[in-house]
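Undergrad: What shape does this take:
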Amino acid sequence: MSAMTATVTSALAVWRSVQWRPVLVLTLFLLTFHLFFLPNTAVTNVTSKPQVPADQIQSNIIPPPNNDLTPADTLDGVYSAHGAHGVQAIEHSSATAPVAATSTHKALEESDLAVCIAVKDQADDLIEFFVHHYHHMGIKRFYIMDDGSKPPLSDYEYPGFPREVLTFKFWPDRVQYMQLNVYRDCIENYGSNHTWMAFLDADEFLETPGEENLAEVLESFEDEETVGALGVNWKIHSSAGLLKRPESARKAFTSCLQDKWANGDWSDNEHIKSIVKMSKAGLPINPHKFSTQEGSNTVGENGDVIDHYAFRTPPTRDRIALHHYCVRSREEFEAKMLRGNGMTDPKTESLWTKFEYSIPHEECTEMMVYEP
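TA: Down below sits the predicted model:
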């Protein structure tokens, strides 16, 4: 008991010896400093959001094409066997897209026009293709006939427009003249859903340079029983000296082939691609022109009959044009040679030499104005 009393007495002596006033003053000072001068990191981490740079808010710039695109984690589509070739058809849905600008011009309905496109391993090219034709041409249905892409094109995300306007179909094996088989399949399986169908490649972009929009150009031929298809002249773009892939083909490749060679002969711009009236459609003759019902013809923008199997001479593009980004940058052209094509006719260095050096060029900036 005496030992406990001695311990308590010693502790009280130590307590009385401490100078408590300076300790209390220092404690109050530290509390004040913490409350008014140190950030409340716990609240910041919970309630604050990262600040988005101003130039990324509601931007109209097309996202740069990504050469390292990765497949989506999940597919939200409906799968079904379709067609005579044991082909897998894939349809997808999406809920978001920029609102298209209002216009006093006639608007295309989905039933008016669709695009059929044969394509392989070009997911990054398709983003700008879809955005342009959906927002600026008013096209609301695209049939993407996937010629054995790895991974399939349906696995990718395509930002900037509604996913539900895309219908994918996949062929695991390429056969001879695959592109013509694909075009025939589009007509047989989807043609009855549309008045017109455009047969394009991923490097071809429609433009209506005049006062009419695409719907109005097509409407002018719709009731003409002698018109089976509209042939649209190419305007071929060069690489514009670019070695690497740019963010936007429309804004970067601003040099085009002239319509004539230096010797006065017509250049490859005399080629056409066809927008076919489905009520008159026959089989494709080649990627450029289709057979049509007896009594009907493929015509040019002025109603002139196109007798040639692929050319319209002289080429004109007053009402409608097809910008063909055939070579793109050197990097992209090398990938194109390796990829091959759907007509069993892979492109070679001779095409690069022809379009880059043999035919005179001219400036062509009309496609730069499109946003997005």
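
Undergrad: tell me the SS of the residue nearest the centre of the chain?
TA: Nearest to the mean C-alpha position of the chain, by Cα atoms, centre = their mean, lies I127 at 1.8 Å. The local conformation at I127, judged by DSSP: H, G, I helix; E, B strand; the rest coil, is helix.

Undergrad: Ends of stretch 346-358, what's the gap?
TA: End-to-end distance of stretch 346-358: 20 Å, with Cα to Cα, to the nearest Å as the criterion.

Undergrad: who's in contact with that stretch?
TA: The contact list for stretch 346-358, computed with Cβ atoms under 8 Å, 6 or more residues apart in numbering, reads 236, 238-239, 257, 261, 268, 326-327, 333, 336-337, 339-341. (Glycine included, C-beta is placed from N, CA and C.)

Undergrad: Where does the prediction get shaky in the stretch 1-150 of the chain?
TA: Applying pLDDT under 70 to the stretch 1-150 of the chain flags residues 1-103.

Undergrad: My reading is that E188 lies in a helix. Confirm?
TA: Yes: applying three-state DSSP, one finds E188 inside a helix.

Undergrad: And the pLDDT for it?
TA: E188 is assigned 97 on the pLDDT scale.

Undergrad: How about the one 4 residues further on?
TA: Confidence at S192, expressed as pLDDT, is 97.

Undergrad: Now do the contacts for the residue lying closest to it once chain neighbours are set aside.
TA: Closest residue to S192 apart from its sequence neighbours, by Cβ to Cβ, 6 or more residues apart in numbering: M278 at 7.0 Å. The contact partners of M278, by Cβ under 8 Å, 6+ apart, come to I187, G191, S192, H194, T195, W196, M197.

Undergrad: Check P360 too.
TA: L257, Q258, K260, W261, A262.

Undergrad: Excluding covalently adjacent residues, which one is nearest to the second one?
TA: Put plainly, it is Q258. P360 is the one closest to Q258 (Cβ to Cβ, 6+ apart), at 4.6 Å.

Undergrad: all helices for the stretch 51-200 of the chain, in order.
TA: Along the stretch 51-200 of the chain, the segments classed as helices by DSSP state H, counting those that start in this stretch run 123-135, 178-190.

Undergrad: which other helices and strands contact the last one?
TA: If I follow you right, that is helix 178-190. Applying 3 or more Cβ pairs under 8 Å, 6 or more residues apart in numbering; DSSP states H and E, one finds that helix 178-190 contacts strand 113-119, strand 142-146, strand 196-200, strand 281-284.

Undergrad: Let's see that with 7 Å instead.
TA: Under the contact criterion of 3 or more Cβ pairs under 7 Å, 6 or more residues apart in numbering; DSSP states H and E, helix 178-190 touches strand 113-119, strand 142-146, strand 281-284.

Undergrad: what's the distance between T313 and E207?
TA: To E207, T313 is 20 Å away according to Cβ to Cβ, to the nearest Å.

Undergrad: And for D304?
TA: Taken as Cβ to Cβ, the span from D304 to E207 is 20 Å.

Undergrad: Neighbour count for the two, which is higher?
TA: E207 (21 against 12; other Cβ atoms under 10 Å).

Undergrad: Is the more buried one bridged to anything, and to what?
TA: Per DSSP bridges, residues listed as beta-bridge partners of E207: A321.

Undergrad: For it, which residues are in contact?
TA: A321, H323, E366, M367 (Cβ atoms under 7 Å, 6 or more residues apart in numbering).

Undergrad: Can you tell me which of those residues are buried?
TA: A321, H323, E366, M367 (16 or more other Cβ atoms under 10 Å).

Undergrad: which residues of the stretch 251-372 of the chain fall in helices?
TA: 330-339, 349-353.

Undergrad: among those, which is nearest P159?
TA: helix 330-339 (20.5 Å; Cβ to Cβ).

Undergrad: Can you show me the CA trace of the closest one as PDB?
TA: Backbone C-alpha positions of helix 330-339 (Å, rounded to 0.1, in the frame of the first residue of the first chain) are rendered in PDB as follows:
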ATOM      1  CA  ARG A 330       2.400   6.000 -97.800                       C
ATOM      2  CA  GLU A 331       1.800   4.100 -94.500                       C
ATOM      3  CA  GLU A 332      -1.800   3.400 -95.400                       C
ATOM      4  CA  PHE A 333      -1.000   2.400 -99.000                       C
ATOM      5  CA  GLU A 334       1.500  -0.200 -97.800                       C
ATOM      6  CA  ALA A 335      -1.200  -1.600 -95.600                       C
ATOM      7  CA  LYS A 336      -3.600  -1.700 -98.500                       C
ATOM      8  CA  MET A 337      -1.100  -3.700-100.600                       C
ATOM      9  CA  LEU A 338      -0.800  -6.300 -97.800                       C
ATOM     10  CA  ARG A 339      -4.600  -6.400 -97.300                       C
END
